[in-house]
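[1] Got a predicted model here, sequence first, then my questions.
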Amino acid sequence: MFRRLPSADGGAPSLRVTVDGVPVALRPGETVAAALFLAGHKAGRTTPVTGSPRGPYCMMGVCFDCLVEIDGEGNRQACMVEAREGMVVMRQMGARALDDKKASSC
């Protein structure tokens, strides 16, 4: 369903990010959500309780269905983050493990 439209300037993808360890080529200005789609993923996460897949839906930061881990930081909205060279994206599947250090400081 997702396919990249031709760019107005004819520019080729020049950024490289990884999504779950798979390299993806992006154009400057494209989002992490585009990287998910280009990597062949419809979902960037699953819900903790039922495991239902969730993926980019509104593409404007309202629904929070596109949450992923970016460069080690979880719960980032893929549709709102512009991709940068070397970015590492991991899909969030199921419940997250608690970090004991962070949990004890609450």
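    It's in. It should be emphasised that the depicted structure is a prediction, and the values quoted were computed from it without experimental measurement.
[2] Which parts of the protein are helices?
    For the chain, the helices defined by DSSP state H cover 32-38, 100-104.
[3] Summarise which helices and strands the longest one is packed against.
    Using 3 or more C-beta pairs under 8 Å, 6 or more residues apart in numbering; DSSP states H and E, the elements in contact with helix 32-38 are strand 15-19, strand 22-26, strand 67-70, strand 88-91. All C-beta atoms are positioned from the backbone trio N, CA, C, and that covers glycine.
[4] now stretch 27-43, how far from the centre of its chain.
    7 Å (C-alpha atoms, centre = their mean, to the nearest Å).
[5] Retrieve the pLDDT associated with the closest residue to residue 92 other than its chain neighbours.
    Spatial nearest neighbour of residue 92, chain neighbours left out: residue 45 (3.9 Å); criterion: C-beta to C-beta, 6 or more residues apart in numbering. Residue 45 carries a pLDDT score of 92 in this model.
[6] same question, the one 5 residues further on
    With respect to pLDDT, residue 50 has a value of 90.
[7] Any idea how many residues pack against it?
    Each residue near residue 50 was counted by other C-beta atoms under 10 Å, and the total is 8.
[8] In terms of mean pLDDT, which of the helices of the chain ranks lowest?
    Taking the mean pLDDT of the helices of the chain, helix 100-104 comes last: a mean of 55.
[9] Any stretches of the chain with poor pLDDT?
    1-2, 10, 96-106 (pLDDT under 70).
[10] now do 80
    Filtered on pLDDT under 80, the chain yields the residue ranges 1-12, 95-106.
[11] Quick check: residue 89 touching residue 22?
    No. Taking contacts as C-beta atoms under 8 Å, residue 89 lies outside contact range of residue 22: 9.6 Å.
[12] If you count surrounding residues, which of the two has more?
    Counted by other C-beta under 10 Å, residue 89 and residue 22 do not tie: residue 89 has more neighbours, with 26 against 13.
[13] wait, isn't the residue nearest to residue 92 in contact with residue 90?
    No. Assessed by C-beta under 8 Å, residue 45 is found out of contact with residue 90, at 9.9 Å.
[14] So between those two, which is more surrounded?
    Applying other C-beta under 10 Å to residue 45 and residue 90 shows that residue 45 carries more neighbours, namely 25 against 17.
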